[in-house]
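J.: fold the following and give me the result.
(2 chains)
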Amino acid sequence: GIQVEQSPPDLILQEGANSTLRCNFSDSVNNLQWFHQNPWGQLINLFYIPSGTKQNGRLSATTVATERYSLLYISSSQTTDSGVYFCAVVSDTGRRALTFGSGTRLQVQP
Amino acid sequence: GAVVSQHPSWVICKSGTSVKIECRSLDFQATTMFWYRQFPKQSLMLMATSNEGSKATYEQGVEKDKFLINHASLTLSTLTVTSAHPEDSSFYICSAVPGRGRGTQYFGPGTRLLVL
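T.: Below is the predicted model:
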């Protein structure tokens, strides 16, 4: 099945700093979503972005489908941004469920 | 829009009992729903794909007789953990896709199961 790799696995930032999270995938996809998992476990949909670029406030994402990677940018980070960020994809040739990466654990310090 | 609910959010049970978890799409119909499991500090792993009106499709290594899935309507799927044991303690999360199963997947808030 499709492989999804996220980097870095852990990231510690000072409040106000910017960061870039990366997601590499091994096959062509028809769905790519970025999530933020909060401390209670809820998965918050950040972006549905199988290709192209989107922005939502301090967050933006870019997926280069031909090169099989996606980037999530967080600008002016806040302590509430802390948590785990997951990238998940649906392969063009595989099952319809999302395959998740291992996540990036972000800690924003005041 | 596109809200998915789960009930209960927390359950504690004794070993050997069965637990039913409900997943509902509140404002859309979903032909397909998915059930995932997440252990502490790990990622989400797909357990099964729930199809309305037909049998669920289970991932390799997931016991279909232990994790019973019923997709009774276009807005409801249930997961029953039968004869639960402590190793079944986990965070169970469902997701649903509006329409015929393509596009954004929306996740429920999850159910924490603790088996004593």
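
J.: from here on, just use CA atoms for contacts and neighbour counts.
T.: Will do.

J.: count of residues packed around the spatially closest residue to residue A:14 that is not a sequence neighbour?
T.: Take residue A:14 and drop its neighbours on the chain: the residue closest to it by Cα to Cα, 6 or more residues apart in numbering or on different chains is residue A:109, 4.9 Å away. Residue A:109: 15 surrounding residues under other Cα atoms under 10 Å in any protein chain shown.

J.: let me see the contact set for residue A:109.
T.: A:12, A:13, A:14, A:15, A:79 (Cα atoms under 8 Å, 6 or more residues apart in numbering or on different chains).

J.: need the nearest residue in space to the second one, chain neighbours excluded.
T.: In other words, residue A:13. According to Cα to Cα, 6+ apart, the nearest residue to residue A:13 is residue A:108 (4.8 Å).

J.: so for the one you found, what's the pLDDT?
T.: According to the prediction, residue A:108 has pLDDT 96.

J.: with residue A:95 instead?
T.: Looking at residue A:95, its pLDDT reads 83.

J.: helix, strand, or coil at it?
T.: Judged by DSSP: H, G, I helix; E, B strand; the rest coil, the three-state class of residue A:95 is coil.

J.: which of the contacts of residue A:109 are buried?
T.: Buried members of those, counted by 16 or more other Cα atoms under 10 Å in any protein chain shown: A:13, A:15.

J.: now, which of the contacts of residue A:109 sits nearest chain B?
T.: residue A:12 (16.7 Å; Cα to the nearest Cα).

J.: name the nearest residue to the closest one, ignoring sequence neighbours.
T.: The spatially closest residue to residue A:12, leaving aside those adjacent along the chain, is residue A:107, at 4.8 Å (Cα to Cα, 6+ apart).

J.: check contacts around the one you found.
T.: A:11, A:12, A:13, A:79, A:81, A:82, A:83.

J.: name the SS class of residue B:109, please.
T.: Assigned with three-state DSSP, residue B:109 falls in the coil class.

J.: for the helix or strand of chain B with the lowest mean pLDDT, buried residues please.
T.: Ranking every helix and strand in chain B by mean pLDDT, DSSP states H and E puts strand B:67-73 at the bottom, with a mean of 92. Within strand B:67-73, the residues scored as buried using 16+ other Cα under 10 Å are B:67, B:68, B:69, B:70, B:71.

J.: state the next helix or strand along the chain beyond it.
T.: Sequence-wise, the next helix or strand downstream of strand B:67-73 (DSSP states H and E) is strand B:76-81.

J.: report the angle between the axes of that next one and strand B:67-73?
T.: Angle, strand B:76-81 to strand B:67-73, by axes from the mean of the first three to the mean of the last three Cα atoms, to 10 degrees: 170 degrees.
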